[in-house]
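Colleague: Provide a 3D model corresponding to the input given below.
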Amino acid sequence: MQVQNFRFQPLLCLTVSVVLAQTLFATGCHQNSTKTKSHPPVTVAHPEMRDVTLYQYFTGRVEAIDSVDVRSRVSGYLNKINFKSGSDVRSGDVLFIVDQRPFQAQVDEQSATVDQAKAQQKLAHIQYQRDIGLQQKDPGAIAQVSVDKSTANVGVQDANVLQAQAQLQEAQLNLDYCSVTAPITGVVSRNLVSIGNLITGGSEQATLLTTIVSVDPMYAYFDVDEHTIERIEKSIREGKRPPIESKKIPVELGLSVDKGKYPHKGYVDYTNNQFTSDTGTLQVRGVFSNPKPKDGHRILIAGQFVKIRVPISTGPQLLINANAVGQDIVGPYVVVIDGDQKAHYQYVELGQEIEDMQVINKGLSTTDWVVIDGQHNARPGGVVDMHEQGTSKKNADTAENPSGTSNNSNTSGETGN
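Modeller: I've put the predicted structure just below:
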C-alpha cells in the first residue's frame, strides 16, 4: 500500500500544478484586460481666430458688351459670303457681298449726269461774263433783263452741279454698301442667308444676315438684395471701400467646372438706378477679361449662367473644421469635451463656410476642445479618450495632463493658440 501511494503522488502534483497555472493565467488576463480597457477615441481641436474675407454669393448671367444684328443697307441678290461660321472677325472685315452690277450702273449714270451738269454750268458762266462785259462797255447795248437772266442761269447751273454730285455720292454709297462689313470686333454667328437669295435692306424689315458679339471683355449681371447693398453703401460712405465709379470694387466669378473656386477676377462698374419692386433687388454689373487661350475657346460666352461672389468684409473670425458641425431639431451644434473628458453638445450660431472651415458667430471660444472626428463615439455625458488633431495616439497618451488635455497644442498648425 505504501508503494501504491508513492506511485500516484507525482500525478497528483502534476494535476495541482496545471490547475494552479490555469488559475494564475486567468487572473493575469483579467488584470491585463482591466488595465488596457479604454474609452471611445475622438479627435479634437481648438477653434482658430483668423483674418478672413467674408463673401456674398449670387447667380449671374454673362452678356456681351456689344451685340450687333448684321443687315444690308441695300437690296439685291447675295453673291458672296466671306467668313466661316463662329469665327473671330475684326471691325471692317467684309462679311457679305451683294450683287454690285446694278449699283455700278447707277454710279456710271450719275457720273455722266455730273459731267452734263458741269458743261451746262460752264456755258452759263460764259454767257454771264459776256453779258456783264457788254453792259459795262456799252450800257445801252444789252437790256438789263438779259443780264438778270444770265445771272439767274448761273445760279441754276451751279445748283444742278451740286445736285448731280450728291446723287453720284449716294450712288457710290449704295455701291459701297454692297460690301457688308463687320461693325465691331468679336465672334460672328452663322450665315442666316445663303448665296443667291434676294435680301431686303435699308429698312426695319431688312433681312437679318448674321449676328456679332464682342468677346473681350464681358459683362456679368447679377441681382443684389437690399441688405447687402446697404452694407456696401455704408462701407463706401465710411471710406472702407472705394466708390463704384472708381472701378475698384472687386468681384469674382466661377464656373461649375471650377469646383467651388472663383478664379476669374473683375470689378463692379455699374449699378441700376432703382430696385426691382417684385424682388427687392438691384441689378449690378461686373466686368471680366475674357482673353483667347492658346488652345480652345474663350471661357466666357454670352448668355452663360455663372457664380458670382462679392467680398463684403475682412477681419478676424472664429473658425472650426466644417466636419465638426452637426444639425438636429434644435439647430446646429458641435461636440465639446470638458476638463473631465466628458462630451457635451454645444449649440452654435453659424456664419459662412470658407473652403473646409466653418465660421462660428456665437457659442464657442478658442479655448474649447471641439470634436472634429469620431462624433459617433462622443455620447453626451460620456467619457472619451481624446487626441489632439495632428498628434498620434501614443504621443497623446504620454502628453496627458491632470485636466485631460494635451500639452502638444502647437504640434499642428491647424489648431488655435
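Colleague: those helices in the chain, which residues are they?
Modeller: Along the chain, the segments classed as helices by DSSP state H run 2-36, 101-137, 144-177, 226-237, 393-398.
Colleague: and these, which one's lowest on average pLDDT?
Modeller: Least confident of those, judged by mean pLDDT, is helix 393-398 with a mean of 40.
Colleague: quick one: the most centrally placed residue in the chain from Asp225, how far?
Modeller: The residue lying closest to the centre of the chain (Cα atoms, centre = their mean) is Leu253, at 2.6 Å. Separation of Leu253 from Asp225 (Cβ to Cβ, to the nearest Å) stands at 19 Å. The way it works is simple: take the backbone N, C-alpha and C, and place the C-beta from them, glycine included.
Colleague: Same question for Asn79.
Modeller: Counting by Cβ to Cβ, the gap from Asn79 to Asp225 is 55 Å.
Colleague: can you count the residues close to Lys248?
Modeller: By other Cβ atoms under 10 Å, 11 other residues sit near Lys248.
Colleague: who touches it in this structure?
Modeller: 242, 267 (Cβ atoms under 8 Å, 6 or more residues apart in numbering).
Colleague: before we move on, what about Gly382?
Modeller: Gly382 neighbours (Cβ under 8 Å, 6+ apart): 39-40, 342-343.
Colleague: Repeat that for Gln121.
Modeller: Going by Cβ under 8 Å, 6+ apart, Gln121 touches 154, 157-158, 160-161.
Colleague: Which residues are in contact with the nearest residue to Gln127 once chain neighbours are set aside?
Modeller: The shortest distance from Gln127 to any non-neighbouring residue, by Cβ to Cβ, 6 or more residues apart in numbering, is to Ser150 (5.1 Å). When contacts are counted by Cβ under 8 Å, 6+ apart, Ser150 touches 124, 127-128, 130-132.
Colleague: how near is Ser150 to Gln144?
Modeller: Noted for Ser150: a distance of 11 Å to Gln144, by Cβ to Cβ.
Colleague: pLDDT score for Ile97?
Modeller: In this model, Ile97 carries a pLDDT of 94.
Colleague: Can you name the residues bridging to it?
Modeller: Taking DSSP bridges as the rule, Ile97 bridges to Lys80, Ser179.
Colleague: how many neighbours does Pro380 have?
Modeller: Per other Cβ under 10 Å, the neighbour tally for Pro380 reads 9.
Colleague: For it, what are phi and psi?
Modeller: Note on Pro380: its backbone torsions stand at phi -50, psi 130 [degrees, to the nearest 10].
Colleague: cool, the one 4 residues further on as well?
Modeller: According to degrees, to the nearest 10, the main-chain angles of Val384 amount to phi -130, psi 160.
Colleague: Can you tell me how far it is from Lys362?
Modeller: Distance from Val384 to Lys362, by Cβ to Cβ: 25 Å.
Colleague: Counting neighbours, go ahead and name the busier of the two.
Modeller: Between Val384 and Lys362, counted using other Cβ under 10 Å, the more crowded position is Val384 (22 against 10).
Colleague: looking at it, that one is touching Asp373, isn't it?
Modeller: No - Val384 lies out of contact with Asp373 (Cβ atoms under 8 Å); the separation is 11.6 Å.
Colleague: Find residues that contact each of these two.
Modeller: Here Val384 and Asp373 share the contacting residues Val42, scored by Cβ under 8 Å, 6+ apart.
Colleague: Can you give me every residue that contacts the residue nearest to Val156 when sequence neighbours are not counted?
Modeller: Leaving aside its chain neighbours, Val156 sits nearest to Ala124 (7.3 Å; criterion: Cβ to Cβ, 6+ apart). Applying Cβ under 8 Å, 6+ apart, one finds that Ala124 lies in contact with 150, 153-154, 156-157.
Colleague: With Gln172 instead?
Modeller: If you count contacts by Cβ under 8 Å, 6+ apart, Gln172 has them with Val107.
Colleague: What's the separation between it and Gln120?
Modeller: 22 Å.
Colleague: repeat for Pro293
Modeller: On the measure of Cβ to Cβ, Pro293 and Gln120 end up 65 Å apart.
Colleague: Over to Ile126?
Modeller: From Ile126 to Gln120 the distance is 11 Å (Cβ to Cβ).
Colleague: same thing with Pro41?
Modeller: 111 Å.
Colleague: what about Asp216, how many neighbours?
Modeller: Neighbour count for Asp216, taken as other Cβ under 10 Å: 16.
Colleague: For it, which non-adjacent residue is spatially closest?
Modeller: For Asp216, ignoring the flanking residues on the chain, the nearest one in space by Cβ to Cβ, 6+ apart is Asn290 at 4.4 Å.
Colleague: how close does that neighbour sit to Lys122?
Modeller: Distance from Asn290 to Lys122, by Cβ to Cβ: 61 Å.
Colleague: can you pull the contacts of the nearest residue to Asp223 once chain neighbours are set aside?
Modeller: Spatially, and ignoring its direct neighbours in sequence, Asp223 is nearest to Thr281 (3.8 Å; Cβ to Cβ, 6+ apart). Shown in contact with Thr281 (Cβ under 8 Å, 6+ apart): 223-226, 275.
Colleague: taking those one by one, which sit in strands?
Modeller: Using DSSP state E, 223-225 are the members of the contacts of Thr281 that sit in strands.
Colleague: which one of those is nearest Asp176?
Modeller: If you rank the ones in strands among the contacts of Thr281 by distance to Asp176 using Cβ to Cβ, Asp223 comes first, at 44.6 Å.
Colleague: ok, that closest one - how many residues close by?
Modeller: Counted with other Cβ under 10 Å, the neighbours of Asp223 add up to 17.
Colleague: now do Lys307
Modeller: 19.
Colleague: just Lys84 next, same as before
Modeller: Lys84 has 11 neighbours, counted by other Cβ under 10 Å.
Colleague: Tell me the predicted confidence for it.
Modeller: pLDDT, Lys84: 91.
Colleague: who's in contact with the nearest residue to Pro293 once chain neighbours are set aside?
Modeller: Once flanking residues are discounted, Pro293 sits nearest to Ile299: 7.7 Å by Cβ to Cβ, 6+ apart. Applying Cβ under 8 Å, 6+ apart, we find Ile299 in contact with 255, 264, 290, 293.
Colleague: Top of those residues by number of neighbours, please.
Modeller: His264 (21 neighbours).
Colleague: measure the closest residue to Gln352 other than its chain neighbours to Glu353 for me?
Modeller: Nearest non-adjacent residue to Gln352, counting by Cβ to Cβ, 6+ apart: Val359, 5.1 Å away. Between Val359 and Glu353 the distance is 7 Å, computed by Cβ to Cβ.
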